[in-house]
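>>> Give me a model of this one.
(3 chains)
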Amino acid sequence: MAFTSPPDPAAFDARVYRVVCAIPPGRVMTYGQIAELVGRPAGVAARTYAGVAARWVGAAMARAPDFVPWQRVINSQGRISPRPGRGPDEQRRLLEAEGVEFSARGRVDLERFGHHGRQ
DNA sequence: ATTATGACTCCCA
DNA sequence: GTGGGAGCCATAA
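Okay, the predicted model is just below:
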């Protein structure tokens, strides 16, 4: 996961949690979107930020407090990234309970359920 | 000290 | 639309 920790991991995590907590129920956001919304720290190349920061977000989510709606964070393909240890479909069940629909191949239509930041 | 292991995204075949 | 490789490091055992 994390390639190079963010300049200020604690602050980065806090911003990530704030953004994730702002995602309304029934909506989802990608790791990359969150990374962009949180803002690219100075000193990090723009091109590499996309892939790297997404993993920072993933790492932050791995340590996320209970109140963070982690289930609303999925990858850029609209698919659920498998989490180590947890139930394989736990995230999907939680999202479906909120009204998020999955395609036959298990993908979420980001055009319909994606959250573009703000509300 | 060495090894294994990552909640990802982009780009190209 | 799907699949594989690159990017390139911190942390735990």
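>>> tell me which element whichever residue of chain A sits closest to DNA strand B falls in.
The nearest approach of chain A to DNA strand B comes at residue A:61, 2.1 Å away (CB to the nearest atom of the strand). Where C-beta positions appear, they are placed from N, C-alpha and C, glycine not excepted. Following DSSP states H and E, one finds residue A:61 within helix A:46-62.
>>> in the worst-scoring helix or strand of chain A on mean pLDDT, what counts as buried?
Between all helices and strands in chain A, the lowest mean by mean pLDDT, DSSP states H and E belongs to helix A:46-62, at a mean of 85. Buried residues in helix A:46-62, defined by neighbour count with 16 or more other CB atoms under 10 Å: A:49, A:52, A:53, A:54, A:56, A:57, A:58, A:59, A:60, A:61.
>>> So which of those is the closest to DNA strand C?
Distances from DNA strand C to the buried residues of helix A:46-62, taken by CB to the nearest atom of the strand, are shortest for residue A:52, at 6.2 Å.
>>> For burial, what's the neighbour tally of residue A:74?
Applying other CB atoms under 10 Å, we find 24 residues neighbouring residue A:74.
>>> now, the most widely separated pair of the buried residues of helix A:46-62?
Largest separation among the buried residues of helix A:46-62 by CB to CB: A:49 and A:61, giving 17.4 Å.
>>> which SS class is the closest residue to residue A:82 other than its chain neighbours?
With sequence-adjacent residues excluded and distances taken as CB to CB, 6 or more residues apart in numbering, residue A:82 is closest to residue A:88, at 6.9 Å. Classification of residue A:88 using DSSP: H, G, I helix; E, B strand; the rest coil returns coil.
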